[in-house]
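Visitor: What follows is a predicted structure for the sequence shown.
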Amino acid sequence: MICLLVSKYGISYYYCLLYFFLRMNTNSQQEKSGSDNRSTRTPYRGAGGPGIIFETERLVVREFTGDDYENYFILHSDPKVMQYIRPAENREDCNKRFESTILFLPSHAYLGRWAVNEKESGRFVGCFVITPIPKEPERIQLGYSFIPEVWGKGYATEVSKAGVEYFHTGTPLTELYAVTETENVASENVLRKVGFQVLEKKMEGEKELLVMIMRKDV
């Protein structure tokens with residue numbers, strides 16, 4: 001899994017979102033001459049249900065809702081899923097994180113934390129995010145995590161490719177980042193397939209992290 005670097009209960013995440021929102025507004029004002037050529041579409045908010053953010057051949061990426069507490073807990077309490085993210089969480093901590101980072105924090109249209117469902121079965125299978133990197137809010141990262149039952153199906157590659165396109169379609173930013181542990185070879189391979197390249201290695205405590213980048217052709 002991608003290493004999602006989010007401070008406990010999302011406090012830093014809130015300020016990162018605010019930074020990103022202000023940055024987007026500034027960029028938009030500075031690039032008025034080119035704004036007509038850039039998509040301004042916003043995610044669809046389905047009446048009476050979760051909004052669809054984007055879709056792939058096999059997956060639907062949608063907004064989380066108050067009905068997703070159990071889905072979120074099942075995913076984030078699994079030690080296998082959380083191996084390269086953070087320690088697996090108990091229900092209380094999971095609920096607090098879900099409420100603070102999913103339900104109650106404002107989000108720019110192209111920035112957020114979303115649920116992933118299979119199209120065919122309709123079941124919840126994971127989470128996909130595009131968020132600022134804490135302590136480096138000028139860098140926007142993508143990340144994902146999936147339940148073990150669907151590992152090996154290529155979902156991470158599929159959703160990441162579509163997520164990159166979704167992000168670059170709606171923002172003037174030309175760089176997108178991903179952070180994973182060097183030991184997480186599977187995620188490194190996924191990111192390389194999507195088009196990310198290694199930017200740098202750095203230590204965080206006892207963990208060696210791999211910072212990867214994708215630059216949009218302009």
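Guide: Received it, and whenever you're ready, just let me know what you need.

Visitor: in the chain, which helix or strand is least confident?
Guide: helix 11-30 (a mean of 46; mean pLDDT, DSSP states H and E).

Visitor: next helix or strand past that helix?
Guide: Once the chain leaves helix 11-30, the next helix or strand it forms, by DSSP states H and E, is strand 52-55.

Visitor: export the helix or strand following that following strand as PDB, just CAs?
Guide: Later in the chain than strand 52-55, the nearest helix or strand by DSSP H and E is strand 59-63. Taking C-alpha atoms only, strand 59-63 is exported to PDB below (Å, rounded to 0.1, in the frame of the first residue of the first chain):
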ATOM      1  CA  LEU A  59     -14.300   0.600 -10.200                       C
ATOM      2  CA  VAL A  60     -16.300   3.500  -8.900                       C
ATOM      3  CA  VAL A  61     -14.600   6.200  -6.800                       C
ATOM      4  CA  ARG A  62     -17.100   8.000  -4.700                       C
ATOM      5  CA  GLU A  63     -17.500  10.200  -1.700                       C
END
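
Visitor: Sheet-wise, list the partners of strand 59-63 with their directions.
Guide: Strand 59-63 has the following sheet partners, assigned by DSSP bridges: strand 52-55 (antiparallel), strand 112-118 (antiparallel).

Visitor: burial count for Tyr110?
Guide: Applying other Cβ atoms under 10 Å, we find 22 residues neighbouring Tyr110. No exception for glycine: its C-beta is placed from N, CA and C like everyone else's.

Visitor: do Met203 as well
Guide: The number of residues packed near Met203 is 8, by other Cβ under 10 Å.

Visitor: what helix or strand does it sit in?
Guide: strand 197-204.

Visitor: which helices and strands sit right next to that strand?
Guide: For strand 197-204, the elements it packs on are strand 207-215, judged by 3 or more Cβ pairs under 8 Å, 6 or more residues apart in numbering; DSSP states H and E.

Visitor: Show me which residues of the strand it packs on are buried.
Guide: Buried residues in strand 207-215, counted by 16 or more other Cβ atoms under 10 Å: Leu209, Leu210, Val211, Met212, Ile213, Met214.

Visitor: between that strand and strand 197-204, how many degrees?
Guide: Using axes from the mean of the first three to the mean of the last three Cα atoms, to 10 degrees, the direction of strand 207-215 lies 150 degrees away from that of strand 197-204.

Visitor: if you average pLDDT over strand 207-215, what comes out?
Guide: With pLDDT averaged residue by residue, strand 207-215 scores 96.

Visitor: picking that back up, out of the strands paired with strand 59-63, flag the one nearest Arg91.
Guide: Checking the strands paired with strand 59-63 against Arg91 by Cβ to Cβ gives strand 112-118 as the closest, at 18.0 Å.

Visitor: what pairs with the helix or strand that the closest one is followed by, and is each one parallel or antiparallel?
Guide: Sequence-wise, the next helix or strand downstream of strand 112-118 (DSSP H and E) is strand 124-133. Sheet pairing for strand 124-133, assigned by DSSP bridges, gives strand 112-118 (antiparallel), strand 136-146 (antiparallel).

Visitor: Deepest in the core, which of the ones you listed is it.
Guide: When the strands paired with strand 124-133 are scored by mean count of other Cβ atoms under 10 Å, the highest mean neighbour count falls to strand 112-118 (a mean of 22).
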